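Novice: Sharing a model prediction with you, sequence too.
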Amino acid sequence: VQLQAFGGGLVQPGGSLRLSCAASGRTFSSRAMAWFRQAPGKEREFVAKIYWSFGDTYYADSVKGRFTISGDNAKNTVYLQMSSLKPEDTAVYYCASTDNGVSYGYWGQGTQVTVSS
């Protein structure tokens, strides 16, 4: 599975941004996809996850109510709609795919999100 993430950029605090992650290759084996992020000097952290089968979603507490993950099966694409962005949301955002729902064997290249005035 190959993943390509895009949509990052510079946005002011309180603004919105939508990230996309397009999957190709053995996409039929993917059970779920997720977004992670890594800020400078910090470890990578989980942001949101969506299961393809029933569309169940999960979020980190830090983004709950502000971010929405969604998926388009026909396009093999996952989206992360980010609203009410804060400076602490600044990070490189990565999408990932898991075949077993637990471990992520496939990662995208990352897209930079910077929240600053």
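Specialist: Yep, that arrived.
Novice: quick one: secondary structure of the closest residue to Q4 other than its chain neighbours?
Specialist: Closest residue to Q4 apart from its sequence neighbours, by Cβ to Cβ, 6 or more residues apart in numbering: A22 at 5.0 Å. Just so you know, the C-beta spots here come from the backbone N, C-alpha and C atoms, and that holds for glycine as well. Here A22 is recorded as strand under DSSP: H, G, I helix; E, B strand; the rest coil.
Novice: does A22 really touch G7, like I thought?
Specialist: No: under the criterion of Cβ atoms under 8 Å, A22 makes no contact with G7, lying 10.5 Å away.
Novice: roughly how far apart are V102 and L80?
Specialist: V102 is 20 Å from L80, where distance means Cβ to Cβ, to the nearest Å.
Novice: So which of these two has more stuff around it?
Specialist: More crowded of V102 and L80, by other Cβ atoms under 10 Å: L80, with 26 against 8.
Novice: For the residue most central in space within the chain, list the residues it contacts.
Specialist: In the chain, the centroid-proximal residue (Cα atoms, centre = their mean) is W35; its distance is 2.7 Å. Residues near W35 by Cβ atoms under 8 Å, 6 or more residues apart in numbering: 19, 21, 47-49, 69, 78, 80, 93-96.
Novice: just Q112 next, same as before
Specialist: Per Cβ under 8 Å, 6+ apart, neighbours of Q112: 8-9, 91-93.
Novice: OK, contacts around R37?
Specialist: Applying Cβ under 8 Å, 6+ apart, we find R37 in contact with 44-45, 47, 89, 91-94, 113.
Novice: now the residues you listed: which count as buried?
Specialist: Among the contacts of R37, those that count as buried by neighbour count (16 or more other Cβ atoms under 10 Å) are 47, 89, 91-94, 113.
Novice: out of those residues, which are inside strands?
Specialist: Cross-referencing the buried ones among the contacts of R37 against strands under DSSP state E gives 47, 91-94, 113.
Novice: Mind picking the one among these that's closest to T27?
Specialist: Y94 (17.4 Å; Cβ to Cβ).
Novice: who are the neighbours in contact with that closest one?
Specialist: 5, 35-38, 44, 107-110.
Novice: how about the strands in the protein?
Specialist: So, for the chain - with DSSP E - the strands run 2-6, 9-11, 17-24, 32-38, 45-51, 57-59, 67-72, 77-82, 91-98, 106-107, 111-115.
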